[in-house]
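Novice: Here is my input; please provide its structure:
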Amino acid sequence: MPTVVKKIDAGSYQLKDQVVAINRVTKVVKGGKNLSFAALVVVGDPSAAVVGYGSGKAKEVPQAIRKGIESAKKNLVRVNLTQTSIPHAVLGRFGSGMVLLKPAPEGTGVIAGGAVRAIMTSVGIQNVLTKSIGTTNPHNVIKATFDALKKLKNKEFVASMRGKAAEEL
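Specialist: Modelled structure (predicted):
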């Protein structure tokens with residue numbers, strides 16, 4: 001079922017950025033070692049349920065973070081949510097990593113590890129249970145979490161797919 005993804009304009013949201021991981025990388029060249037930094041950043045607007053991630057590389061950390069933020073603003077995703085949680089349990093996969101997201105009752109809070117927690121707080125989910133299975137690589141965990149968030153369906157969409165009214169579900 002191919003869905004047409006409409007590009008979301010970053011300028012119309014109050015985006016807050018959060019650095020997930022900073023990695024120091026070296027490239028060995030003839031004259032020695034070239035030091036550089038890679039930053040993984042999540043941006044989101046909790047009030048609009050919009051979130052995106054990006055990666056940036058540069059010689060200094062602030063420039064790498066700035067590049068990561070610009071990259072994250074280019075791939076924003078709108079997420080289907082209930083009031084404070086997610087509508088149903090979902091499993092996202094990327095590479096050898098899997099992320100399980102389960103709705104939680106009011107007052108539970110965000111039960112999540114580093115990379116997943118950054119996404120959940122950025123998108124505005126207040127009550128959720130998560131489990132990261134497989135890899136602990138933050139890049140793959142974030143991509144698996146985004147895969148899970150893209151799979152979330154709202155009640156009206158499921159009802160229309162089944163040919164029923166939303167009240168019948």
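Novice: Help me confirm that residue 160 is found in a strand?
Specialist: No. Assigned with DSSP: H, G, I helix; E, B strand; the rest coil, residue 160 falls outside any strand and is helix.
Novice: What is the neighbour count of it?
Specialist: The number of residues packed near residue 160 is 11, by other Cβ atoms under 10 Å. Bear in mind the C-beta positions are built from the backbone N, C-alpha and C, glycine included.
Novice: do the same with residue 31
Specialist: 6.
Novice: Could you break this structure into its assigned domains?
Specialist: Following automatic domain parsing, one finds the domains of the chain at 10-77, 80-168.
Novice: Including mean pLDDT, could these go into TSV?
Specialist: Below are the domains of the chain laid out as TSV (pLDDT from 0 to 100):
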stretch	mean pLDDT
domain 10-77	92
domain 80-168	87
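Novice: Can you give me the distance of residue 9 to residue 120?
Specialist: Counting by Cβ to Cβ, to the nearest Å, the gap from residue 9 to residue 120 is 23 Å.
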